[in-house]
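*Asks:* predicted structure and sequence below. I'll ask about it afterward.
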Amino acid sequence: MSEPSPLPSPLSSPLSSPLSFDDFELRPDSGELFKAGSPVKLQPQPARVLAILASRPGQVVEREELRKLVWGEAFLDFDASLNFCVKQIRQALGDSATKPRFIETIPRRGYRFLMPLRSGQVPAVVSAPAPRPTKLEMGRRSWLPLLSVALLAGVLLILVGSRHARSSTPRLVVLPLECRSGDPAGRQICGGITEVLTAELARHFPRDLKVIAPDSARVYAGKSGPELAHRLDATHVLSGEAAISGRRLRMAVRLVPTAGGQALWQHSFETDFGDAPVLYSQIVRGVAEELGLSLPASGPREEAKPSSEGYEAYLRGRYLLQSQPVQAAASLQEAVLLDPAYAPAYVALSLAMDGVEQCPKMAVKDAAARRAIALDPTLGEAHFALAQNLFHCYLDWEQAGREFQRALALDPGNAHTYYAYAFYLAGLGRHDEAIASVSQARELDPASMLLGSDFSYFLYVGRRYDEAVRQARQALELIKISPESSGARSFYRFWTLWVLLHSALELKDEATAVEAGRGLMELYGEGEKAAQVRTLEDFWRWQEPWLQERVRTRSVPAYFFASASVRSGRHDEALEALENDCRTRKSFMMHFLAVEPALDPLHGDPRFARLLDCMRLPADAPARKALADHGQQR
């Protein structure tokens, strides 16, 4: 069944012709940029922004207009995305924000493209000066305004419609399978199948198909196609049901466009649990054929066939990874015992140990990840699991970086890997790359409260405090609608409010800081006391004993206590808490010592330099170099 023709995009005619300026040429239809005939790397969204600006030289293009033309109503942080796009454009053009040749920032409004198009090109929106009208043309002036209004209305309709147009790359959301088994174990297996099937689709089509991560799919499970298109920018939905009977699995799946209409493809399957991976391959082929996608030349990955019992344990473990890591680890231990040659089970076991106890169990985590790689070196998730261990537990920054890059090369459709790599980059002080990496993760997982709250943190440690405040507020709204457990929502609310508080403190915005402080108090059942807080001093009086008690009981990492202590001028207490954290490796937050703004006053203390040594931060890390350049480290 053929797909419907897409609606015109904001870059359709008259912006389909190449735009030439200076010694550059931009091809809006493909997003390619050339300098003197040689290609210049520019990502698709920055290319779209550049096309709009370059087509209107000399004219201010409002930020809101760019939002509508490029992003529409998709769920994302528009300000951070636009700022990132403009920065990428300037890098591609060799431009400067302070002394611009190409793009001028108009504060609080938008941007102006300064370079005229080459002779012979007419801007798409800014028309060429009209000649003096003749008498005949003067007679037509009475109806020309009406025609102009009609034409403008037509253009606006095209542009508004284009907000809902399919992108050149289809976006697929795999909804949780409806489970025809009433018992909890059966529902866990169905959930595991959804997770694995989503991962298989993402792995096979890393660039030709954007597969939305399961976290976002769960947020909008049960919603209509148009809402999935609106919220997740999805073009297609894969849904279905599964029934479990003994060791047999029956599945029925269907592929439907979010725009509505009949199923493009549907099929029913029945198989033994151990043959389920073959079933996924058939679904992958069906989706590929319907969407006109090419399978990799190598075809599906060859891997050991699991037993029915072992695969059932593996599926339960994959599902439980979301919220019950202890139970997940137990189920995955069973899976590897039953099928010692099945690599994906070792990967999941390594990841499950993160939630059990992060680094004291690092020997098990490391052995499981390395066993998976030995069994299947092409398994991107295995390299991701190993990278996590090397970074968080062994503090081997160099090798962790190589493993993260290997994981992304093998599995570039995995949102979790982009997200974890962003943490690694932020700890080194490579903030622009970290924000770009987490932005990639959010494109694949736009409704994840984890990514939403942590994105605000990346902006905060990148010293982009205004953006951090805006993103934190958006994350707090997303947390309200998340289907995750109340415990998970409480954690992410605490984390996001903490980022909001400290970003506001850096901005000297006391009202927002007090608001965030009250939110923290309410979160921990101190609503009555929160209502009495009027100033930051009121909040500090509550926070100090509260933090001390939770650090003592280890319910809050000492890192948070140290940040608060520094702001209160108690540097010795802060350093003592951080030294203890570094010795015991209880908190992954210690990886961000060099970039945490709240700890800036400690940079001149020799003990702080020793802390960076304790965390084995590389000497060539941008964060460490920045401290040395300012004479703050001995």
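*Replies:* The structure has been received and is ready for your questions.
*Asks:* contact partners for residue 64?
*Replies:* residue 110 (C-beta atoms under 8 Å, 6 or more residues apart in numbering). (C-beta placed from N, C-alpha, C; glycine too.)
*Asks:* ok, it to residue 82 distance?
*Replies:* Separation of residue 64 from residue 82 (C-beta to C-beta, to the nearest Å): 10 Å.
*Asks:* how about residue 45?
*Replies:* For residue 45, the distance to residue 82 - C-beta to C-beta - is 9 Å.
*Asks:* how about residue 565?
*Replies:* 37 Å.
*Asks:* where along the stretch 301-450 of the chain do the helices fall?
*Replies:* 308-320, 325-338, 343-356, 362-375, 380-392, 397-410, 415-428, 431-444, 449-461 (DSSP state H, counting those that start in this stretch).
*Asks:* circling back: who has more neighbours out of residue 565 and residue 82?
*Replies:* Neighbour totals were compared for residue 565 and residue 82, and residue 565 leads with 25 against 20 (other C-beta atoms under 10 Å).
*Asks:* how about the nearest residue to that one, chain neighbours excluded?
*Replies:* residue 574 (4.0 Å; C-beta to C-beta, 6 or more residues apart in numbering).
*Asks:* now the element after the helix or strand encompassing the one you found, going C-ward?
*Replies:* Using DSSP states H and E, the element containing residue 574 is helix 571-584. Sequence-wise, the next helix or strand downstream of helix 571-584 (DSSP H and E) is helix 606-614.
*Asks:* in the helix or strand following that following helix, what's buried?
*Replies:* Counting by DSSP H and E, the next helix or strand C-terminal to helix 606-614 is helix 622-629. Of all the residues in helix 622-629, those buried under the rule 16 or more other C-beta atoms under 10 Å are 622, 623, 624, 627.
*Asks:* what does stretch 341-349 give?
*Replies:* 342, 343, 344, 345, 346, 347, 348, 349.
*Asks:* spatially nearest residue to the last one (excluding sequence neighbours)?
*Replies:* By that I understand residue 349. Nearest one to residue 349, counting by C-beta to C-beta, 6+ apart, is residue 332 at 4.0 Å.
*Asks:* pull up the gap between the one you found and residue 373, please.
*Replies:* Residue 332 is 17 Å from residue 373, by C-beta to C-beta.
*Asks:* between these two, which one's more packed in?
*Replies:* residue 332 (29 against 19).
*Asks:* which residues touch that one?
*Replies:* 313, 314, 317, 345, 348, 349, 352.
*Asks:* swap the cut-off to 6 Å and go again
*Replies:* 317, 345, 348, 349, 352 (C-beta atoms under 6 Å, 6 or more residues apart in numbering).
*Asks:* tell me which of the residues you listed has the lowest pLDDT.
*Replies:* By pLDDT, residue 352 ranks lowest within these, coming in at 89.
*Asks:* that residue and residue 461, how far apart?
*Replies:* Residue 352 is 28 Å from residue 461, by C-beta to C-beta.
*Asks:* higher neighbour count, the two?
*Replies:* Neighbour tally, residue 352 and residue 461, criterion other C-beta under 10 Å: the higher count belongs to residue 352, 28 against 23.
*Asks:* these two touch, right, the more buried one and residue 330?
*Replies:* No. Applying C-beta atoms under 6 Å as the test, residue 352 and residue 330 come out as separate, 8.8 Å apart.
*Asks:* tell me where the stretch 201-350 of the chain has strands.
*Replies:* 210-212, 236-245, 248-257, 265-272 (DSSP state E, counting those that start in this stretch).
*Asks:* which stretch among these comes nearest residue 171?
*Replies:* strand 210-212 (4.4 Å; C-beta to C-beta).
*Asks:* where does the nearest residue to residue 532 once chain neighbours are set aside fall, phi/psi-wise?
*Replies:* Once flanking residues are discounted, residue 532 sits nearest to residue 538: 7.1 Å by C-beta to C-beta, 6+ apart. With angles defined as degrees, to the nearest 10, residue 538 sits at phi -60, psi -40.
*Asks:* how many other residues sit next to residue 538?
*Replies:* Counted with other C-beta under 10 Å, residue 538 comes out at 17.
*Asks:* residue 601 now?
*Replies:* There are 13 residues near residue 601, going by other C-beta under 10 Å.
*Asks:* repeat for residue 26
*Replies:* 23.
*Asks:* return the distance of the residue nearest to residue 349 relative to residue 584.
*Replies:* Residue 332 is 27 Å from residue 584, by C-beta to C-beta.
*Asks:* what's the answer for residue 443, then?
*Replies:* 37 Å.
*Asks:* those two: who's more crowded?
*Replies:* A direct count of neighbours by other C-beta under 10 Å for residue 443 and residue 584 places residue 443 higher, at 20 against 13.
*Asks:* what bridges to the residue lying closest to the more buried one once chain neighbours are set aside?
*Replies:* Among residues not flanking residue 443 along the chain, residue 210 sits closest, at 7.1 Å (C-beta to C-beta, 6+ apart). Per DSSP bridges, the residues bridged to residue 210 are residue 171.
*Asks:* so residue 210 sits against residue 171, correct?
*Replies:* Yes. Counting by C-beta under 6 Å, residue 171 is a contact partner of residue 210 at 4.4 Å.
*Asks:* out of the buried residues of helix 622-629, flag the one nearest to residue 517.
*Replies:* Distances from residue 517 to the buried residues of helix 622-629, taken by C-beta to C-beta, are shortest for residue 623, at 28.1 Å.
*Asks:* show me the contacts for the closest one.
*Replies:* 429, 594, 595.
*Asks:* tabulate those (JSON lines), appending pLDDT.
*Replies:* JSON lines is the format used below for the contacts of residue 623 (pLDDT from 0 to 100):
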{"residue": "429", "pLDDT": "94"}
{"residue": "594", "pLDDT": "93"}
{"residue": "595", "pLDDT": "94"}
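*Asks:* in ChimeraX, select just the buried ones from these.
*Replies:* In ChimeraX syntax, the buried subset of the contacts of residue 623 is picked out as below (16+ other C-beta under 10 Å):
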select :429,594,595
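*Asks:* could you redo the contacts of residue 623 as a markdown table and give each row distance to residue 553?
*Replies:* As requested, the contacts of residue 623 are exported to a markdown table (distance: C-beta to C-beta, whole Å):
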| residue | distance to residue 553 |
| --- | --- |
| 429 | 33 |
| 594 | 28 |
| 595 | 28 |
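*Asks:* report the contact partners of the residue nearest to residue 565.
*Replies:* 562, 565, 566.
*Asks:* so the second one sits against residue 573, correct?
*Replies:* Read that as residue 565. Yes. Residue 565 is in contact with residue 573 according to C-beta under 6 Å; the separation is 4.6 Å.
*Asks:* shaky segments in the chain?
*Replies:* Within the chain, the ranges that satisfy pLDDT under 70 run 1-16, 71-81, 119-168, 182, 296-303, 355-358, 360-361, 484-486, 585-586, 629-634.
*Asks:* tell me the domain ranges of it?
*Replies:* 1-123, 171-296+303-360, 440-546, 557-634 (automatic domain parsing).
*Asks:* out of the ones you listed, flag the one nearest residue 388.
*Replies:* domain 171-296+303-360 (6.8 Å).
*Asks:* what sits against the residue lying closest to residue 229 once chain neighbours are set aside?
*Replies:* Among residues not flanking residue 229 along the chain, residue 258 sits closest, at 4.0 Å (C-beta to C-beta, 6+ apart). Listed by C-beta under 6 Å, 6+ apart, the contact partners of residue 258 are 225, 228, 229, 234, 235, 237.
*Asks:* list the residues that contact the second one.
*Replies:* Read that as residue 228. Applying C-beta under 6 Å, 6+ apart, the residues contacting residue 228 are 173, 220, 234, 258.
*Asks:* which residue, other than its chain neighbours, is closest to it?
*Replies:* The nearest residue in space to residue 228 (C-beta to C-beta, 6+ apart) is residue 234, at 4.5 Å.
*Asks:* test my guess that that neighbour contacts residue 174.
*Replies:* No. Between residue 234 and residue 174 there is no contact under C-beta under 6 Å: 9.9 Å.
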